[in-house]
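Asker: Sequence plus the predicted model coming up.
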Amino acid sequence: MEIFMRLAIILGANQVISHGFGVFLFAALFPLMRDALDMTYWHLTLTGVATQIAYLAGALCVSILGRIISAERLILLTAGGATLLLAGLSQVAEPVIIIVLLFLLAFSAAGCWGAIVGLISQYADKQNAATSLSVAGSGTAWGYGINGLILLWWVPVFGWQSVWILTAGIAGLIFLTTLYMMRSLSSVSTRQPEKLSESELNMLSVRQLIMACLTEHRALFSCLIYFQIGLTCITFTSWLNTRLDEVDPSGFQGAITWSVIGISGMLAGILIGRVADKKGHEVALLLAASGYAAGLLAFSFNPLQFAVIAGAGYGMIYFPVWGVVSSWLAQRYSPVATMQLSGVGMIASAIGGSLGNIIAGQILNQTGSLTLLYDFLAFAGCVTVVLVGGICWHKSKGEVTARLNSLS
């Protein structure tokens, strides 16, 4: 297996422990933890908002300090930190401390993704960049798949309290594998990172980042896409088990849906990334956004019947979108600037996720149900399709203009 694909898989495994085993595993376990730890739905709301703030803070640090801390060192710091935090979750029962640990885990996840973008931008072949980043980004899907298996097979036998011990053990193994992989990179002869020019090494200042996101087409639209992803996807999974618990208290449908999310995300990480490399990033994004919007519409109509469809649509967009958009940015910007802009994108996603969780809490408080929330998410999913459609139109318009100029 080529070095860049092995690298993508190892980095994807880091997404499992920092992102997949964080707030999303907590959300999946929340119906079981609620009574045992005397938690309320406002604890879930606060966790969702706090972790999005953590993503924002972590992404901001990556954007500013991207050149000071090497990607190799950053990935090891986040992997080691995630292992310790998961171990900490297995030892505490106080809701406030749990939220703090999840906050730190989300902060680590933001740094982890920034390191992944930086490493793959340097080591991966340009023609396979989208596939490599999508495979790494789909590591969260592997975590979702493991979460589903945990709910189906582990929790009924060993109880939810042992879940955090299990995930900490998995994280420790992944940390050791990552440490070995990072050490081996320096001795790899088949694929060394390209020597970057001085212009490529120049990191964007905060002002330049802001101006790029406000005035440049790719930077602006990437932030809008990330915001929509945070609003629709993060909110969807944060409250998924709570919504399904309203119509299926057994929890079986939730476990199946989480497994489907993981499986679809694993497949989408490869397929959507390949479409982006072969047919264009815009086509891949439109395909993913359309699938998710259709799933949200079906789920809002009948949650119990179409939960699996919505889960498949979620997996189709959430996991590969980070890699597809990052490689789309990398076509225009240097590796360092791409890592910074990806950090800004995570900030936009965190803002969208925070807004979605606040809206969810208000709807549940006012109506006692999450029905209106998922109607809203279905509408927002359709807005994402329109947004990506605008990107496709802009590209087509540019190609037509280029052809006309060549003929004149």
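Answerer: Received it, and whenever you're ready, just let me know what you need.
Asker: Every contact and neighbour count from this point should use C-alpha atoms.
Answerer: Will do.
Asker: for this structure, what helix or strand is lowest in average pLDDT?
Answerer: Within the chain, no helix or strand scores below helix 198-201, which has a mean of 44 by mean pLDDT, DSSP states H and E.
Asker: Now the closest residue to R243 other than its chain neighbours. Its backbone dihedrals?
Answerer: Here the nearest residue to R243 in space, its sequence neighbours aside, is L370; by Cα to Cα, 6 or more residues apart in numbering that works out to 6.0 Å. Dihedral pair for L370: phi -100, psi 10, per degrees, to the nearest 10.
Asker: what's the answer for N302, then?
Answerer: Taking degrees, to the nearest 10, you get phi -150, psi 90 for the backbone angles of N302.
Asker: Tell me who's in contact with it.
Answerer: With contacts defined as Cα atoms under 8 Å, 6 or more residues apart in numbering, N302 is in contact with no residue.
Asker: how close does it get to R243?
Answerer: Relative to R243, N302 is positioned 11 Å away (criterion: Cα to Cα, to the nearest Å).
Asker: what do you get for I317?
Answerer: 21 Å.
Asker: Next: N147.
Answerer: Relative to R243, N147 is positioned 18 Å away (Cα to Cα).
Asker: So for these two, which sits in the more crowded spot?
Answerer: In this comparison of N147 against R243, neighbours counted by other Cα atoms under 10 Å, the higher total goes to N147 at 27 against 21.
Asker: For the more buried one, give me its contacts.
Answerer: Each residue near N147 by Cα under 8 Å, 6+ apart is listed here: G20, F21, L25, A28, W258, S259.
Asker: so which helix or strand takes in the third one?
Answerer: The reference is to L25. Secondary structure assigned from DSSP states H and E places L25 in helix 23-36.
Asker: Could you tell me how far that helix lies from the centre of the chain?
Answerer: The chain centroid and the centroid of helix 23-36 are separated by 20 Å under Cα atoms, centre = their mean, to the nearest Å.
Asker: for Y333, phi and psi?
Answerer: Residue torsions, per degrees, to the nearest 10, at Y333 are phi -110, psi 160.
Asker: Mind pulling up the pLDDT for it?
Answerer: You'll see Y333 listed with a pLDDT of 78.
Asker: So it versus F376, what's the distance?
Answerer: According to Cα to Cα, Y333 and F376 sit 35 Å apart.
Asker: can you check C112 too?
Answerer: Relative to F376, C112 is positioned 31 Å away (criterion: Cα to Cα).
Asker: quick one, helices of the stretch 201-350 of the chain?
Answerer: Read by DSSP state H, counting those that start in this stretch, the stretch 201-350 of the chain holds these helices, from start to end of the chain: 206-215, 217-229, 235-238, 240-247, 252-279, 281-301, 303-330, 335-367.
Asker: Cheers, nothing more for now.
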